[in-house]
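> Give me a 3D structure for the following:
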Amino acid sequence: MQTDTKSTTRPLGQTNAQVFPIGLGGMPLSLDERPSEKDAIRVIHEAIDLGVNLIDTANVYCIDDNDIGHNEALIAKALKEKLNSKNVFVATKGGLKRPKGAWVTDASPQELRKACEKSLKDLDVECIFLYQLHAPDDRIPLEESVEALIELKKEGKIQHIGLSNVNQEDLSRVLPMTRIESVQNRCHVQSKMDIKSGLVQFCLQNKISYIAYSPVGGHYGHSKLSQLPVLGKIALNHKASTHEIALAWLLAKSPNILPIPGASKLKSIQSSVRAAQIILSQQEVGLLDEI
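Here you go, the predicted model:
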């Protein structure tokens, strides 16, 4: 059985947004081995043409601190050039820095405000649809970082709040403070911690979307998928790639999961979108659960 991918959507938290089950992770379009701007925009446009209407980015998806905002500005340019992009939702993040290319956490209230202001400029919007804390900062109480996001929301600079790289304890601590619409963590067929811990189910119970980043293992891990015999056999049965089966497994695990695979080539986003058409049997899901 297959479904029409363009008519199948999932809610994003308790927002009014209904999004395609597979989003686009923008990070590969802006790192060291990034494609040309022309090719990157083609990838974004192809995603939109295929029905994708959730694009995830961050101010630090760039080469180093001299390149902050590259991915956001790229996405903004691509959306301006695309006539059918009005219903595309862009989620971005703040709370990290890129000194000399390193990844350094800074989720202080002043840094989050500074990052949000720049993201507004780079995305060329008056209000960011979903603004996510990129990661908790060990030097600062999580509540202080979230309070900064609450203030930005009150000021109309962000519409909804999300968290990334958090656990259930973190989430439970801040839920009394404000509505959290999304949790974005690493999750894939070989990294099931949040499924096993109950975090995905906790999010479902609280009507919070679970945005799965690196859903096929990340830049270096995706090649390992083809080495998994069970995954290969199921892929063969569905005349699909192991990449597509890995995404289909995530979609099958919970209705609040939204995988955001990255793509820097047209064939990559085309393959990812095909995963939304694959319906795995309970037996197949069970076999993948055991990996």
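
> Give me the below-cutoff pLDDT ranges for the stretch 1-150 of the chain.
Judged by pLDDT under 70, the stretch 1-150 of the chain has its weakly predicted residues at 1-7.

> mind listing the strands for it?
Secondary structure of the stretch 1-150 of the chain (DSSP state E, counting those that start in this stretch): strands located at 10-11, 18-19, 24-25, 54-56, 89-94, 96-97, 104-105, 128-133.

> buried ones in stretch 264-277?
Ser264, Ser268, Ile269, Ser271, Ser272, Val273, Arg274, Ala275, Ala276, Gln277 (16 or more other Cβ atoms under 10 Å). C-beta here means a position set from N, CA and C on the backbone, and glycine is covered the same way.

> circling back to that earlier point, quick one: closest of the strands of the stretch 1-150 of the chain to Ala47.
Of all the strands of the stretch 1-150 of the chain, it is strand 24-25 that lies closest to Ala47, at 4.6 Å by Cβ to Cβ.

> what does that closest one contact?
Here strand 24-25 makes contact (Cβ atoms under 8 Å, 6 or more residues apart in numbering) with 43-44, 47, 52, 54-56, 213, 260-263, 269, 272.

> what about 6 Å?
Outside of strand 24-25, the residues within contact range by Cβ atoms under 6 Å, 6 or more residues apart in numbering are Ala47, Val52, Ile55, Asp56, Ile260, Pro261, Gly262.

> From these, pick the one nearest Ile150.
Of the contacts of strand 24-25, the one sitting nearest to Ile150 (Cβ to Cβ) turns out to be Asp56, at 21.5 Å.

> Hmm, that closest one is touching Ala91, no?
Yes: between Asp56 and Ala91 there is a contact at 4.9 Å, judged by Cβ atoms under 6 Å.

> Helices along the stretch 101-250 of the chain, start to end?
All helices of the stretch 101-250 of the chain, identified by DSSP state H, counting those that start in this stretch, fall at 109-123, 142-154, 168-174, 193-197, 199-205, 218-221, 229-237, 242-253.

> quick one: the first one to strand 89-94, angle?
Between the direction of helix 109-123 and that of strand 89-94, the angle (axes from the mean of the first three to the mean of the last three Cα atoms, to 10 degrees) works out to 140 degrees.

> Dump helix 109-123 to CSV, keeping only the CA atoms.
Output in CSV follows, covering the C-alpha atoms of helix 109-123 (Å, rounded to 0.1, in the frame of the first residue of the first chain):
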residue,chain,number,x,y,z
PRO,A,109,20.4,35.2,27.2
GLN,A,110,22.5,38.0,25.6
GLU,A,111,23.9,35.6,23.0
LEU,A,112,20.5,34.1,22.2
ARG,A,113,19.1,37.6,21.7
LYS,A,114,22.0,38.6,19.5
ALA,A,115,21.7,35.4,17.5
CYS,A,116,18.0,35.8,17.0
GLU,A,117,18.4,39.4,15.8
LYS,A,118,20.9,38.3,13.2
SER,A,119,18.7,35.3,12.1
LEU,A,120,15.8,37.7,11.6
LYS,A,121,18.0,39.7,9.3
ASP,A,122,19.6,36.7,7.4
LEU,A,123,16.2,35.0,7.0
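
> Okay, buried residues for it please.
Pro109, Glu111, Leu112, Arg113, Ala115, Cys116, Ser119, Leu120, Asp122, Leu123.

> Please tell me how far the last one sits from Leu29.
Distance of Leu123 to Leu29, computed by Cβ to Cβ, to the nearest Å: 15 Å.

> Next, the buried residues of stretch 283-291.
Glu284, Leu287, Leu288.

> Closest one to Ile158 out of those residues, please.
Leu288 (36.1 Å).

> Work out for me the element that closest one sits within.
Here Leu288 sits within helix 282-289, counting by DSSP states H and E.

> what angle separates that helix from helix 229-237?
Using the same axes, to 10 degrees: helix 282-289 against helix 229-237 is 140 degrees.

> Which residue, neighbours along the chain excluded, lies closest to Ile269?
Excluding the flanking residues, the one nearest Ile269 by Cβ to Cβ, 6 or more residues apart in numbering is Ala263, at 4.0 Å.
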